[in-house]
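Participant: Give me a 3D structure for the following:
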Amino acid sequence: MAAPTIEAPATTTTTDSPITLTDRAAQEVRDILEQQGNPTDVSLRIYVAGGGCSGLQYGMALDENVEEGDAFFEDKAIRVVIDPMSLKYITGSVVDYVETAMGGGFKVENPNAVKACGCGSSFSTEDDESGQTLTGGCGSCGSH
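Facilitator: Next up, the predicted model:
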């Protein structure tokens, strides 16, 4: 029996993925979904929010909703949703899952980042309109 599809009238469905999941990242998402009982109506939402050591930070969450304007696509059989604002900052990125002595986590390799924090969870990019670099700083990673 095929899994139900998520339908939302004003979303953008693409066959070319604006981001790519590595095999390891896709497997980790599948493992998380399996731990939650394999819900069929859940997508991986990838987003960018203000904050972090370099001004912007990555976020990921499992989400049942596709909002108006969201880009919706599949990569390695994982449904991914990205809001329009985040999409402009992370198009072309590769999401990986890495394990270190401190534990495991998702890591984003973003070709749009002009500066990244030592902690790897935040970045800055050139603002398209002003030409200024977006920056900030929490100081929590100790790299500044």
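Participant: Am I right that D63 is in contact with D41?
Facilitator: No: in this structure D63 lies outside contact range of D41 using Cβ atoms under 8 Å: 9.7 Å. In this view, the C-beta of every residue, glycine as well, is placed from N, C-alpha and C.
Participant: Go through the lengthiest helix in the chain and flag the buried ones.
Facilitator: Of all the elements of type helix in the chain, the one with the most residues (DSSP state H) is helix 23-35. Buried residues in helix 23-35, counting neighbours by 16 or more other Cβ atoms under 10 Å, are found at A25, A26, E28, V29, L33.
Participant: okay, D63 and D41: which has more neighbours?
Facilitator: For D63 versus D41, neighbours defined as other Cβ atoms under 10 Å are more numerous around D63 (18 against 12).
Participant: which one of the buried residues of helix 23-35 sits closest to N110?
Facilitator: Of all the buried residues of helix 23-35, N110 sits closest to A25, with 14.0 Å by Cβ to Cβ.
Participant: List the residues that contact that closest one.
Facilitator: V95, D96, Y97, F106 (Cβ atoms under 8 Å, 6 or more residues apart in numbering).
Participant: any idea which element the last one lies in?
Facilitator: Put plainly, it is F106. Assigned by DSSP states H and E, F106 belongs to strand 103-109.
Participant: now the second one
Facilitator: Using DSSP H and E, the secondary-structure element containing D96 is strand 94-100.
Participant: rewinding a little: kindly reformat the buried residues of helix 23-35 as JSON lines containing pLDDT.
Facilitator: Below are these laid out as JSON lines (pLDDT from 0 to 100):
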{"residue": "A25", "pLDDT": "97"}
{"residue": "A26", "pLDDT": "97"}
{"residue": "E28", "pLDDT": "96"}
{"residue": "V29", "pLDDT": "96"}
{"residue": "L33", "pLDDT": "94"}
